[in-house]
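>>> could you look at this predicted model? Sequence included:
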Amino acid sequence: MDTLADVRSQVRTTFGEESSVRLTNARLDAAINAGIDELSENTGFRESFAVLDMKAGRTYYDVRQLFPDEAVTITAIWNPAIDLWLKYTPVSQLPYVRWELTNGSPQAWTMRGLFHLGLFPHDTTSGEKLHIYYTVRHRQLVNDVDPLVDVAADLVPAVVDYALFELHLQERRTEQAQASLKDYHGRMSLLDYHLKNRVSRPRVGSIGGRR
């Protein structure tokens, strides 16, 4: 598993600045963490889940009370009571005008703004649970030995490319910055291609209503 020190070494070598006088660790670490954040949002490689205890008659839930600050986006919701992945459905596509008054075990979910999860229909009793899966940002790397948790070895070069983009941009090296960003997007496109063309299929064919 690569550590912050490992990634620093790769970035310094490619950037061509081994000295920490001109390229300080603080500046380098900021660029590396920016790359990890970008990777987290683009790939969703880190996923976690939370259990939502539903309340009788409640349609909306504030996800800020459920997720950590590092959460990025909901990817899927499982209803164990009826053995069903809920389908993401925009409000405009919900089947009833007064959908918020419909009772039953949830089969679809939507979002109101950034923080309020809406369920359709809503349960009439308290105590039932939903399993909510979401992507999460990697924590900031600070110390030399801090590991890149869940970052596969073939994703580390993408972090390096993005860090190089940030550093070249700071130095106003436009051509080098564009080249590093192109390399980063190239790695992301290749990753996306492999994910979409895997021979093996996931055991669950539909998550959150998506095919």
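Thanks, I have it. Because the structure is predicted, anything quoted here is derived from the model rather than measured.

>>> tell me what the worst-scoring helix or strand of the chain on mean pLDDT is packed against?
Lowest by mean pLDDT, DSSP states H and E among the helices and strands of the chain is helix 174-196, with a mean of 82. With contacts taken as 3 or more C-beta pairs under 8 Å, 6 or more residues apart in numbering; DSSP states H and E, helix 174-196 sits against helix 25-43, helix 156-170. For the C-beta atoms, the positions are set from N, CA and C on the backbone; glycine is no exception.

>>> between those helices, which gets the lowest average pLDDT?
Between the helices and strands packed on helix 174-196, the one with the least mean pLDDT is helix 25-43; it has a mean of 90.

>>> quick one on the thing from earlier: buried deepest among the helices and strands packed on helix 174-196, which one?
helix 156-170 (a mean of 22; mean count of other C-beta atoms under 10 Å).

>>> helices or strands next to it in the packing?
Looks like helix 156-170 contacts helix 4-15, helix 25-43, helix 174-196 (3+ C-beta pairs under 8 Å, 6+ apart).

>>> pull the CA atoms of that helix into PDB?
Extracted C-alpha coordinates of helix 156-170, given in PDB (Å, rounded to 0.1, in the frame of the first residue of the first chain):
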ATOM      1  CA  VAL A 156      -1.800   6.000  -7.800                       C
ATOM      2  CA  PRO A 157      -0.300   7.400 -11.100                       C
ATOM      3  CA  ALA A 158      -3.600   9.300 -11.600                       C
ATOM      4  CA  VAL A 159      -3.000  11.000  -8.200                       C
ATOM      5  CA  VAL A 160       0.500  11.800  -9.300                       C
ATOM      6  CA  ASP A 161      -0.700  13.300 -12.600                       C
ATOM      7  CA  TYR A 162      -3.200  15.500 -10.900                       C
ATOM      8  CA  ALA A 163      -0.700  16.700  -8.400                       C
ATOM      9  CA  LEU A 164       1.700  17.600 -11.200                       C
ATOM     10  CA  PHE A 165      -1.100  19.500 -12.900                       C
ATOM     11  CA  GLU A 166      -1.600  21.600  -9.700                       C
ATOM     12  CA  LEU A 167       2.100  22.200  -9.300                       C
ATOM     13  CA  HIS A 168       2.700  23.200 -13.000                       C
ATOM     14  CA  LEU A 169      -0.300  25.500 -12.800                       C
ATOM     15  CA  GLN A 170       1.200  27.200  -9.800                       C
END
